[in-house]
Structures are given as structure tokens and as C-alpha cells.
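1. fold the following for me, if possible:
(chains A and B)
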There are 2 protein chains.
Amino acid sequence: MKVVFIGAGNLATCLSLEMLRCGFDILQVYSRTEESASILARKLGCQWTKSAKKILPDADVYVFSVKDDALPKVIKAMKPNNGLWIHTSGSTPIDVFKGFAENYGVLYPLQTFSKMREMDFSQIPIFIEANSISSAKQLEQIAAALSENVRFLPSAKRKYLHLAAVFACNFTNHVYSIAERILDEHEMPVDVLLPLIDETAYKVHQMPPIVAQTGPAIRYDKKIINYQLSLLEDSDLKTIYKTMSKSIHKEAEKLNQDEQHQL
Amino acid sequence: MKVVFIGAGNLATCLSLEMLRCGFDILQVYSRTEESASILARKLGCQWTKSAKKILPDADVYVFSVKDDALPKVIKAMKPNNGLWIHTSGSTPIDVFKGFAENYGVLYPLQTFSKMREMDFSQIPIFIEANSISSAKQLEQIAAALSENVRFLPSAKRKYLHLAAVFACNFTNHVYSIAERILDEHEMPVDVLLPLIDETAYKVHQMPPIVAQTGPAIRYDKKIINYQLSLLEDSDLKTIYKTMSKSIHKEAEKLNQDEQHQL
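-> Prediction:
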């Protein structure tokens, strides 16, 4: 199956390399900038272009993996062809392709990707959606070549899955980053946090996060909450600390009320 | 070494069970409530009391593992004795024992503990502090029996370590919880998030979180940020989403500026 990649970012890099390993024939990489297009094309051993007009017309599959803001523009700039056009965005509806392609769909891998980290896709949940039965069949074949965990999911649900992923991944990683900043500023080695980070992730395999919650906010240890707030100098960090603690406390109160109702 | 436990919460439960396994002789558990005192005492096969006055006077070590708010009260209520008094709190200074005990210290395990989950302490970083050389020797011996990763750390630094842990663990777990709530509300299975949660934790073993960051906020994908905000109905979640996205974006801008300064 001949594939053209539109985009050369984190996901485009990881997905195209995995497709190459799975036996797909990657013909070309398109990116707005020569640098990213050529770097990825070199890794894949294929052609590249920075002109949407020069995208090869005879591939079977076109994978659009660009910033959501840029997606409609690049779709518009491309010449029509007979390939299956798919994007990899969590939040953009499948209809973004309507009127521009005959066969189209979405392939959304629920994972965080960084260019420098090669990923094994076999355990990554992949959510697909297609505009027709024939597109769905082709898309399912592509997804099944990559992962053992493939499901159909409509755009109306996928947007909430993406939203959940922003909390579970992007915001998680940011609180890791704040924690490291605090240790750095007070001259402590950041790697002491790793067993804690691992256990926090591991625990939610065994119990719901609401049951796994520990710390001053769930105990509503007011003295410690106010003390820790006083240690934070940055006003954004203060806001994050306050809002998160309030939200943890509210969740705990709701859980207690629910349990009382059940008695 | 004979040990009395003051407290029967998550940490007291995990730590006392681990000390029992490591050959310590647990004499007694004290807790304000009969229920938690007796449950833990049964697990440990030891006595229990809910009266601070009835705490046995002839143990070698007294481990205070209670809510920070409650710690000064229970210390005051106890009769003086010759044992080593240690607490396990991240934020309470060692001086809380001053005037109440001769030999005292802090043993702070950097981990999240839940009663129903038995923990192997051997890889948990333990931070200790003592009021004298002899207390320090005894405390180091206790900590080394539990973990291979023991360091001395003064109260003035430990409070920042605890603050960092609240971000890296308590807030992380809470964003997991929010993510699960979103999936639940839209009838999607919550376990699809586990590979994402695992990879997010695993990545920071290999790169700093600031490098690992992905998602709409770091790309500053305004359209998606506003769209996702519009999907959130709960005003607390909106505030968390806004504050976190702003903070991620600010961190990215600072990183870019630092990189430009280095050129």
C-alpha cells in the first residue's frame, strides 16, 4: 500500500516510521518547512516536498498529521485524487474532508508521541472512523496492521476522548514539570520523584483514581494546604495549586455524599 | 527493636506492615478511633488503644503517622518516655517534638500509600532528619532496614520535596480522575487511557518533562484550546484547563527565549 505523509511533526514521524516497519510503502513526505520535510524523508528513505501542489497523486493513502489549525488549509491546497485521505486528529471532525475527497476517514492513536522516541504501536488503542463501508474496510486493514487494539468511534465521541487525553497526559506531564522545577530551585535531584510518578500511574491499573487519591487536599489538611500555598511564589502555580486542591476536595465530598445516599 | 505506631491511616498501615515484615517488633497501635486502631492492630497482631495516655512507655521507637493538623495535639497528650520519637510528615518541621522528647527525628518516605495496597519499600526514597548524632544513627539503621535509598534532608528542604510530590502525585492522580470522569460521562471505557498514562510516566525517565510535553497547549493550537474549553461544562474544570494551558504555554515561551539567548 503506497502512502504519502502530510506533516512531519511528532505523530507524523512516529506513525510513518511504524508504517514503514509494518511494510507500507512510504512514497513522500510533505511539510511546510524544508527542514522538517527533508529530515523525516531521510529517515524514511523517500521523497519530500514543501509544495502542496507537488504532492504525488497516485498513492493509496494520504495521512494528514498536521496542527489542527493547518488541516483545512492543506486539504484545500491539494489537488483531488482517488486515494483514501485520513487525518490523525482527536478533535477535528471527519467532515473536514467533505467535498475534497471521495474516500476519507480518521485514524486516531491515543498516545503521546515525541520525534526522538520510537514507539511500538501494537498496544496503542487506535480509534477509526470512515465515510463509507469501503473506506472503513481499507482503514480497518491499515489500523489492524499497526495495532491489536482497534475500535470504530464517531467524531462526536472522539472529541471527548481527546479532551480526556489532554488531562491524563498533557496536564499530567505539566505537573511533573512543575514538580521538577520546585526541586531544581531548591537544589534537590529530580530523579527522586520517579518511583512516586511510577507508582501513581501504576495504582490506577488497580483502583479508580478517586480511590487512589492521597495528600493534603483529600485529607482536607487546611494547615498544610495554606502552608504549601505560602511556599509558592509564582502566581500561576498558586492558582493551579488552589484550583486543583479545591477540585480534589469537592470530588471527595461528592463521593462521601454518594456513599451516604447508598446507606 | 520495639515499635509503637501513633496513627492508623494509609502511611501508618503500609509502614507498620513493612516494619513487621522487616523484623521489627510492633507492640501497639494508637488511633483516635477504635475502628481504625483495631483493624490495623489485627493485621499486625498487636495491642491497640484510642487513649493517648495508655500508649506503652517502654518501646524503642514511636512512629507518629497522623494528619499534620493532629500531630502537635497527640504529641502534647503523650507522657514523656525514653524512646526515639519520629514523624513521617513532609511538611512538619522536626522541631514539633522539641520540649516533648529527648530523642527525635523524621522519616519521610517519598511515595503515595493506600491501605489496601501493600508496598515494597526497598526502592522508595526515604529522607531522614534527627535531633542528635545518636538519634541520627538509630534512625539511619531503621531506614536502612526498609530501603536501599536513604538520605539525610533538613526540614527546610523537605517541605519543598513534599510540595513537589503534591504536584507529581496528588495533582497527577486528580487529572487522571477528571479524564476518567469525561470518558464515563460520554460512555467510553476508562481503561483505554492506561497505555497513555503509562507512557506519559515512562517518558520522563528518558527526557525532562519540558521536552516530553505534547498536545494543543504546547503547540498553542488556539482553535482546539477554545474548542475543548467549550466542551467542558463544569466551571472548576474550565479553570483547571485554562490555567494549565496558560502555564504550559508560558513554560514553552520561556524555553524558547532561553534557547535564543544561548545562540
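2. so A:N149 is in contact with A:F127, correct?
-> No - the pair A:N149 and A:F127 does not pass the contact test of C-beta atoms under 8 Å, sitting 9.6 Å apart. In this view, the C-beta of every residue, glycine as well, is placed from N, C-alpha and C.
3. which one's more surrounded, these two?
-> A:F127 (23 against 18; other C-beta atoms under 10 Å in any protein chain shown).
4. doesn't the more buried one lie inside a strand?
-> Yes - counting by DSSP: H, G, I helix; E, B strand; the rest coil, A:F127 falls inside a strand.
5. quick check: chain neighbours aside, which residue is closest to it?
-> A:L153 (4.1 Å; C-beta to C-beta, 6 or more residues apart in numbering or on different chains).
6. so what's the one you found up against?
-> Taking C-beta atoms under 8 Å, 6 or more residues apart in numbering or on different chains, we find A:L153 in contact with A:108, A:127-129, A:161, B:188.
7. change it to 10 Å
-> A:L153 makes contact with A:106, A:108, A:110, A:125-129, A:160-161, B:188, B:192 under the criterion C-beta atoms under 10 Å, 6 or more residues apart in numbering or on different chains.
8. now swap in A:E233 and tell me
-> Neighbours of A:E233 in contact, by C-beta under 10 Å, 6+ apart: A:E185.
9. over to it: give its phi and psi.
-> Dihedral angles of A:E233 (phi, psi; degrees, to the nearest 10) stand at phi -90, psi -40.
10. returning to what we had before: what do A:N149 and A:F127 both touch?
-> With C-beta under 10 Å, 6+ apart as the test, A:N149 and A:F127 both reach A:109-110, A:143, B:192.
11. and of the residues you listed, the nearest to A:G45?
-> Ranked by distance to A:G45 (C-beta to C-beta), the shared contacts of A:N149 and A:F127 are led by A:P109 at 22.8 Å.
12. these two touch, right, the closest one and A:V63?
-> No - applying C-beta atoms under 10 Å, one finds A:P109 not in contact with A:V63, separated by 11.3 Å.
13. pLDDT below threshold where in the stretch 151-263 of chain A?
-> The stretch 151-263 of chain A contains residues with pLDDT under 70 at A:262-263.
14. and the helices in chain A?
-> Using DSSP state H, the helices of chain A run over residues A:10-21, A:34-44, A:71-77, A:133-146, A:155-165, A:172-185, A:194-206, A:209-212, A:216-219, A:222-231, A:235-262.
15. so can I have TSV of these showing distance to B:S91 and mean neighbour count?
-> Output for these, formatted as TSV (distance: least, C-beta to C-beta, whole Å; neighbours: other C-beta atoms under 10 Å in any protein chain shown):
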stretch	distance to B:S91	mean neighbour count
helix A:10-21	38	21
helix A:34-44	46	17
helix A:71-77	47	16
helix A:133-146	47	17
helix A:155-165	32	21
helix A:172-185	13	23
helix A:194-206	16	20
helix A:209-212	21	20
helix A:216-219	8	22
helix A:222-231	5	17
helix A:235-262	13	15
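16. okay if I get those as a markdown table plus distance to chain B?
-> Listed next are these as a markdown table, based on distance: least, C-beta to the nearest C-beta, whole Å:
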| stretch | distance to chain B |
| --- | --- |
| helix A:10-21 | 6 |
| helix A:34-44 | 14 |
| helix A:71-77 | 10 |
| helix A:133-146 | 13 |
| helix A:155-165 | 4 |
| helix A:172-185 | 4 |
| helix A:194-206 | 4 |
| helix A:209-212 | 4 |
| helix A:216-219 | 6 |
| helix A:222-231 | 5 |
| helix A:235-262 | 5 |
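17. now those helices as JSON lines including distance to B:A217?
-> Output for the helices of chain A, formatted as JSON lines (distance: least, C-beta to C-beta, whole Å):
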{"stretch": "helix A:10-21", "distance to B:A217": "14"}
{"stretch": "helix A:34-44", "distance to B:A217": "21"}
{"stretch": "helix A:71-77", "distance to B:A217": "18"}
{"stretch": "helix A:133-146", "distance to B:A217": "27"}
{"stretch": "helix A:155-165", "distance to B:A217": "12"}
{"stretch": "helix A:172-185", "distance to B:A217": "8"}
{"stretch": "helix A:194-206", "distance to B:A217": "20"}
{"stretch": "helix A:209-212", "distance to B:A217": "21"}
{"stretch": "helix A:216-219", "distance to B:A217": "23"}
{"stretch": "helix A:222-231", "distance to B:A217": "24"}
{"stretch": "helix A:235-262", "distance to B:A217": "13"}
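18. for B:V211, find the nearest of the ones you listed.
-> Once these are compared by C-beta to C-beta, helix A:172-185 is nearest, at 9.5 Å.
19. near A:A8, how many residues? Count them for me, please.
-> 28.
20. related to what we said a few turns ago, need phi/psi at the residue nearest to A:F127.
-> Torsion angles, degrees, to the nearest 10, at A:L153: phi -150, psi 130.
21. got it, and A:K50?
-> The phi/psi pair for A:K50 (degrees, to the nearest 10) is phi -110, psi 10.
22. pretty sure it sits against A:A37.
-> Yes - counting by C-beta under 10 Å, A:K50 touches A:A37, with 5.5 Å between them.
23. mutual contacts of these two, please.
-> By the contact definition C-beta under 10 Å, 6+ apart, A:K50 and A:A37 are jointly contacted by A:8, A:29-31.
24. now that we have the residues you listed, which of them are buried?
-> Neighbour-count burial (16 or more other C-beta atoms under 10 Å in any protein chain shown) is assigned, among the shared contacts of A:K50 and A:A37, to A:8, A:29-31.
25. I'd say A:G45 and A:S16 touch.
-> No - if you go by C-beta under 10 Å, A:G45 and A:S16 don't touch, sitting 11.0 Å apart.
26. overlap in contacts of those two?
-> Residues touching both A:G45 and A:S16 (C-beta under 10 Å, 6+ apart): A:I26.
27. ok now stretch A:129-139, how far from the chain's centre?
-> In terms of C-alpha atoms, centre = their mean, to the nearest Å, the gap separating the centre of stretch A:129-139 from the centre of its chain is 22 Å.
28. what mean pLDDT does that stretch have?
-> Stretch A:129-139 carries an average pLDDT of 98.
29. likewise for stretch A:7-25?
-> Regarding stretch A:7-25, the rounded mean pLDDT is 97.
30. same question, stretch A:77-93
-> Computed over stretch A:77-93, the average pLDDT equals 96.
31. so which bits of it are buried?
-> Quick answer for stretch A:77-93 (16+ other C-beta under 10 Å): A:78, A:81, A:83-93.
32. for that stretch, measure first residue to last.
-> 19 Å (C-alpha to C-alpha, to the nearest Å).
33. what's the burial count for A:V4?
-> A:V4 has 27 neighbouring residues, counting by other C-beta under 10 Å.
34. now it. Nearest residue, chain neighbours left out?
-> Nearest non-adjacent residue to A:V4, counting by C-beta to C-beta, 6+ apart: A:A59, 4.3 Å away.
35. what's the spacing between A:Q260 and A:P209?
-> Distance, A:Q260 to A:P209, by C-beta to C-beta, to the nearest Å: 21 Å.
36. do the same with A:I224
-> 21 Å.
37. hang on, the earlier thing: now the contacts of A:L153 in CSV, with distance to A:A179?
-> As requested, these are exported to CSV (distance: C-beta to C-beta, whole Å):
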residue, distance to A:A179
A:V106, 35
A:Y108, 29
A:L110, 25
A:P125, 27
A:I126, 31
A:F127, 31
A:I128, 36
A:E129, 37
A:Y160, 28
A:L161, 27
B:M188, 29
B:V192, 26
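38. closest one of those residues to A:G99?
-> Within the contacts of A:L153, the smallest distance to A:G99 is 16.4 Å, found for A:V106 (C-beta to C-beta).
39. the closest one pairs with what?
-> Beta-bridge partners for A:V106, by DSSP bridges, are A:H87, A:E129.
40. from A:K115, how far off is it?
-> Separation of A:V106 from A:K115 (C-beta to C-beta): 22 Å.
41. who has more neighbours, those two?
-> A:V106 (26 against 17).
42. hang on, that one packs against A:K159?
-> No - using C-beta under 10 Å as the test, A:V106 is too far from A:K159 to be in contact (11.1 Å).
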